[in-house]
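Novice: prediction below, plus the sequence it came from.
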Amino acid sequence: MPLKLDEYRKCMVPFITGTGKTKEQRKLDFCSGSKLCSGKAGTREEAEKICRSQPPKPPKERKSRRVKGVVPCEQEAAELAGCMVNIVDYPLPKNRQELQQNIFNAIHECRCQGKGV
């Protein structure tokens, strides 16, 4: 019969503590401890045999952190571009300074005055 969570945790303590172990030994100890504490193996030797026969799991993909209410950059850029298209004067000026001012005005209107994004 499987152990309850607090009993399982107590059972796992000797397998996950200690110093001077290699990374491989820690993995083997954790795996064999989990097999023993969950009742899938009766002896430590049997547990280690099961653990050695299992192929290693690939590392999990790292998930990106999302802060609630924050819009991903690509989505924000698309919304800003959609707003700016309606504001930028056409045809675009040939002068770099006028073009920069035109783009600045559109960004300012879209972002700072609540239109679009």
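Specialist: That came in fine, so what should we check first?

Novice: the lowest-mean-pLDDT helix or strand in the chain: which residues count as buried?
Specialist: Lowest by mean pLDDT, DSSP states H and E among the helices and strands of the chain is helix 73-87, with a mean of 82. For helix 73-87, a neighbour-count test (16 or more other CB atoms under 10 Å) marks L80, C83, M84, I87 as buried. Every residue, glycine included, has its C-beta placed from N, CA and C.

Novice: now tabulate the residues you listed in JSON lines and tack on distance to S34.
Specialist: Output for those, formatted as JSON lines (distance: CB to CB, whole Å):
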{"residue": "L80", "distance to S34": "50"}
{"residue": "C83", "distance to S34": "54"}
{"residue": "M84", "distance to S34": "56"}
{"residue": "I87", "distance to S34": "60"}
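
Novice: from the residues you listed, which two are the most distant?
Specialist: The two members of those with the most space between them (CB to CB) are L80 and I87, at 10.6 Å.

Novice: quickly list what's touching both of the two.
Specialist: Shared contacts of L80 and I87 (CB atoms under 8 Å, 6 or more residues apart in numbering): C110.

Novice: re the thing from before, return the member of the buried residues of helix 73-87 nearest to H108.
Specialist: Out of the buried residues of helix 73-87, the member with the shortest distance to H108 (by CB to CB) is I87, at 9.4 Å.

Novice: A106 is in contact with the closest one, correct?
Specialist: Yes - I87 sits in contact with A106 when judged by CB atoms under 8 Å, with a separation of 4.1 Å.
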